[in-house]
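K.L.:
Predicted model and sequence below, questions to follow.
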Amino acid sequence: MRTTAPTGATAPRVVAVVFAAIAALLLSLPSLAPPARATTAGIQATHGLRAAGGLHVADGKLVEGSGSAFVMRGVNHAHTWYATRTTQALADIKALGANTVRVVLSTGDRWAKNDTADVANVVAQCKRNRLICVLEAHDTTGYGEQGGAIALSRAADYWIGVRSALAGQEGYVVVNLGNEPYGNTNAAAWTAGTKAAVQKLRSAGIHHALMADAPNWGQDWGFTMRDNAASVLAADPDRNTVFSVHMYGVFDTAAEVKDYLTRFVNAKLPLVIGEFGHNHSDGNPDEDAIMANAQTLGIGYLGWSWSGNSGGVEYLDMATGFNAASLTSWGRRIFKGANGIGSTSGEATVYHS
């Protein structure tokens, strides 16, 4: 989500995507006209040997060290603003059937830094709850458009700085380079910026599965990620990068959802839906189509978010006041509805050994 820093004791505010940009998108989208599709010849089904013992990409899918395909089914938790809620939140999220949690962290550039000890504690709690842990650096949100946002290169420095908390956790942790790392300004820079960040981490000895969020505030309405994902994957020495699209108002029809997801599957490029909601101020996402197509195509999804939203999008809370006994309509939909977490999630096999 696009966010601004909380003030005082207030929760982080979630700000709507720029209406003018979205309006321009809806007027200019070529609908389902088939643009050029990225090709993955020569890079599919390969990955660095150092990554093979943990979560890694093979034949366009995220798989575990055992070779079993792993399909994420989970939600986001805003740890960096609600650290005191994390212990209970992870236990509740697991109890409702999730196999993954995406955890919001800060590099210290925009919000209080989550240091090495805190990251290690988050990982330990994920493992205690038998959850795969997607760790994301939130300070990159809207780089180039939102004041204070940092570049992916700076986020890479953060991950290198906390790498001792990540060491040996390749089977349990996915490193999400940076949340929504480009806004709508200079989104084309995403390709080179993502390649450089990936290579920086590999050179530093970090061989986890990496996750790269799309530009355009995560929604990739300009198709920069879709059309350049193959080259980014090829630039990763480990061939171990997964791509993440955030589905809000841009994805308000079943046709748009299916088209976007199917193109990645057909190109054998690994994709997850790293964020989505049932409603949003920039339009009404088609959550039914998102969840149904994700299930049909074997694509992971992580809904936004467990609790703590404010600034007019409190409806995105799944649990009222972090209370698992008081699920909202969105919480009931994603956990207990058709194609929901409760009926489609499978626990990671790494926890069965």
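P.N.:
Arrived safely.

K.L.:
contacts and neighbour counts: CA atoms only from here.
P.N.:
Fine.

K.L.:
Dump the C-alpha coordinates for stretch 181-200 into CSV.
P.N.:
Extracted C-alpha coordinates of stretch 181-200, given in CSV (Å, rounded to 0.1, in the frame of the first residue of the first chain):
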residue,chain,number,x,y,z
PRO,A,181,9.5,0.9,-5.4
TYR,A,182,8.5,3.3,-8.1
GLY,A,183,5.4,5.5,-8.4
ASN,A,184,4.1,6.7,-11.8
THR,A,185,7.1,8.9,-12.3
ASN,A,186,10.0,7.4,-14.3
ALA,A,187,8.5,3.9,-13.8
ALA,A,188,10.7,2.7,-16.7
ALA,A,189,13.7,2.9,-14.4
TRP,A,190,12.3,-0.1,-12.5
THR,A,191,14.1,-2.6,-14.8
ALA,A,192,17.6,-1.3,-14.3
GLY,A,193,17.0,-0.5,-10.7
THR,A,194,15.7,-3.9,-9.9
LYS,A,195,18.5,-5.7,-11.7
ALA,A,196,21.1,-3.7,-9.9
ALA,A,197,19.5,-4.3,-6.5
VAL,A,198,19.3,-8.1,-7.1
GLN,A,199,22.9,-8.3,-8.2
LYS,A,200,24.1,-6.2,-5.2
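
K.L.:
what does that stretch rub up against?
P.N.:
Outside stretch 181-200, the residues within contact range by CA atoms under 8 Å, 6 or more residues apart in numbering are 21, 140-146, 151-153, 156, 177, 210, 212-218, 224-225, 228-229, 232, 235-237.

K.L.:
Please list only the buried members of the residues you listed.
P.N.:
140-146, 151-153, 156, 177, 210, 212-218, 224-225, 228-229, 232, 235-236 (16 or more other CA atoms under 10 Å).

K.L.:
Point out the ones among those residues that are inside helices.
P.N.:
152-153, 156, 224-225, 228-229, 232, 235 (DSSP state H).

K.L.:
Which stretches in the stretch 1-150 of the chain count as helices?
P.N.:
Per DSSP state H, counting those that start in this stretch, the stretch 1-150 of the chain carries helices over the ranges 19-28, 86-95, 116-128.

K.L.:
mean pLDDT for these: which is lowest?
P.N.:
Lowest mean pLDDT of the helices of the stretch 1-150 of the chain: helix 19-28, a mean of 34.

K.L.:
ok, the most centrally placed residue in the chain - contacts?
P.N.:
Residue closest to the mean C-alpha point of the chain, counted by CA atoms, centre = their mean, is Gly274 at 3.0 Å. Contacts for Gly274 (CA under 8 Å, 6+ apart) come out as 213, 244-246, 301-303.

K.L.:
Quick check: of those, which has the highest neighbour count?
P.N.:
Neighbour tally across the contacts of Gly274 (other CA atoms under 10 Å): the maximum, 32 neighbours, falls on Asp213.

K.L.:
For it, which non-adjacent residue is closest in space?
P.N.:
Nearest residue to Asp213 in three dimensions, chain neighbours excluded: Ser244, at 4.7 Å (CA to CA, 6 or more residues apart in numbering).

K.L.:
partners of the one you found in the sheet?
P.N.:
Asp213, Val272 (DSSP bridges).

K.L.:
Find me the pLDDT at it, would you?
P.N.:
At Ser244, pLDDT is 99.

K.L.:
Tell me the spacing between it and Trp81.
P.N.:
Distance of Ser244 to Trp81, computed by CA to CA, to the nearest Å: 22 Å.

K.L.:
Show me which residues of stretch 283-301 are buried.
P.N.:
Across stretch 283-301, burial judged by 16+ other CA under 10 Å covers 283-295, 298-301.

K.L.:
Likewise for stretch 182-201?
P.N.:
For stretch 182-201, by 16+ other CA under 10 Å, it's 182-184, 187-188, 190-191, 193-201.

K.L.:
With stretch 340-353 instead?
P.N.:
340-342, 344-350.

K.L.:
Just the ones of the residues you listed in helices?
P.N.:
Using DSSP H, the buried residues of stretch 340-353 in helices are 341-342, 344.

K.L.:
Now render those residues as JSON lines, adding pLDDT.
P.N.:
Shown next, in JSON lines, are these (pLDDT from 0 to 100):
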{"residue": "Ile341", "pLDDT": "99"}
{"residue": "Gly342", "pLDDT": "98"}
{"residue": "Thr344", "pLDDT": "98"}
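
K.L.:
Now do the contacts for the closest residue in space to Thr241 that isn't next to it in sequence.
P.N.:
Leaving aside its sequence neighbours, Thr241 sits nearest to Leu210 (CA to CA, 6+ apart; 4.7 Å). Counting by CA under 8 Å, 6+ apart, Leu210 makes contact with 174-177, 198, 240-242.

K.L.:
Likewise for Val162?
P.N.:
Val162 neighbours (CA under 8 Å, 6+ apart): 115-116, 119.
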